[in-house]
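Q: show me how the following folds:
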Amino acid sequence: MVLRFLYEAIVGFLTFVAILLFGEKGFAVFALLAILPVIMRVAKVKADERELLLFYRAGNVTLAATMLAIILIHFTSGWTVNGHLIGDHWMQLSVAAVLFCHGIIGWLFLKFA
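A: Numbering: from 1, shown residues only. Prediction:
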């Protein structure tokens with residue numbers, strides 16, 4: 001599960017940066033998430049009951065972190081990064097924030113729980 005959470009965090013971060021740099025075209029980086037089942041199968045990682053519980057608990061905490069990220073995106077919606085207005089890509093940035101937050105929070109839960 002640690003591999004899964006780290007992969008989610010990396011893909012979320014890369015998607016966020018790609019959207020800021022390339023606009024809507026940067027959301028194509030999100031397609032890297034489709035490789036996750038292959039990685040999990042090759043790594044032969046199966047979650048036990050405790051890890052599944054932490055996975056769902058991380059999802060609940062991610063909701064709060066995502067709300068804060070969306071508020072931050074809203075306050076910076078007037079900013080322009082690399083010629084792209086943040087407000088024009090708020091939905092894609094929010095999806096990337098969900099993925100990044102879920103990865104980081106899940107990793108922290110597994111590390112310290």
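
Q: okay, CA-based contacts and neighbour counts for the rest of this
A: OK.

Q: all helices of the protein, in order?
A: Assigned by DSSP state H, the chain shows helices spanning 2-22, 36-43, 49-75, 90-112.

Q: alpha carbons of the worst-scoring helix or strand of the chain on mean pLDDT, in CSV - could you do that?
A: In the chain, the helix or strand scored least confidently by mean pLDDT, DSSP states H and E is helix 36-43, which has a mean of 89. The C-alpha coordinates for helix 36-43 follow below in CSV (Å, rounded to 0.1, in the frame of the first residue of the first chain):
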residue,chain,number,x,y,z
LEU,A,36,-1.3,1.7,-11.2
PRO,A,37,-3.0,-1.7,-11.4
VAL,A,38,-0.1,-3.0,-13.5
ILE,A,39,2.4,-1.8,-11.0
MET,A,40,0.4,-3.3,-8.1
ARG,A,41,0.2,-6.6,-9.9
VAL,A,42,3.9,-6.7,-10.8
ALA,A,43,4.8,-5.8,-7.2
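
Q: quick one, it and helix 2-22 angle?
A: With axes from the mean of the first three to the mean of the last three C-alpha atoms, to 10 degrees as the basis, helix 36-43 and helix 2-22 are set at 150 degrees to each other.

Q: helix 36-43: how far from the chain's middle?
A: 18 Å (C-alpha atoms, centre = their mean, to the nearest Å).

Q: over to stretch 72-79?
A: So, by C-alpha atoms, centre = their mean, the centroid of stretch 72-79 is 18 Å from its chain's centroid.
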